[in-house]
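1. Got a predicted structure here, sequence first:
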Amino acid sequence: EVQLVESGGGLVQAGGSLRLSCAASGFTFDGYGLGWFRQAPGKEREGVSGINSGGGSTYYADSVKGRFTISKDNAANTLYLQMNSLKPEDTAKYYCARRAYEEFDYWGQGTQVTVSS
């Protein structure tokens, strides 16, 4: 059974940092690309960052470029999102997802990030 479990969210002041983790199981971790998404109340889900299976290619939304860093530890079956210089507009529930071909087929339950001003 494929499982993705996020952790690391919390409440932080603007300008602070958090590192999100996504522990994966039930599939060959180094065979898949992965992504981070977020959704704030009343807003559509937004793609934040993505990484390919080997970790050598990454994507960032313009809104987080230069502040967030995605990485994956294939030995630990874990995806990370290092978030620095957080802003109140980064407040959202963050989800990790597995990419299969052109779609994301499995999702975690999400972890809440709240940035106070």
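-> The structure has been received and is ready for your questions. Numbering: from 1, shown residues only.
2. neighbours around Leu11, how many?
-> 12 (other CB atoms under 10 Å). Bear in mind the C-beta positions are built from the backbone N, C-alpha and C, glycine included.
3. err, Leu20, not the other one
-> 24.
4. which of the residues in the host helix or strand of it are buried?
-> Per DSSP states H and E: Leu20 is located in strand 18-25. Residues of strand 18-25 classed as buried: 18, 20-24 (neighbour count, 16 or more other CB atoms under 10 Å).
5. Please apply the same query to stretch 87-101.
-> Residues 90-99 are the ones in stretch 87-101 that count as buried (16+ other CB under 10 Å).
6. so Thr58 touches Gly35, yeah?
-> No: with contact defined as CB atoms under 8 Å, Thr58 does not count as touching Gly35 (10.2 Å).
7. so what's in contact with the two at the same time?
-> Both Thr58 and Gly35 are contacted by 49-51, under the criterion CB atoms under 8 Å, 6 or more residues apart in numbering.
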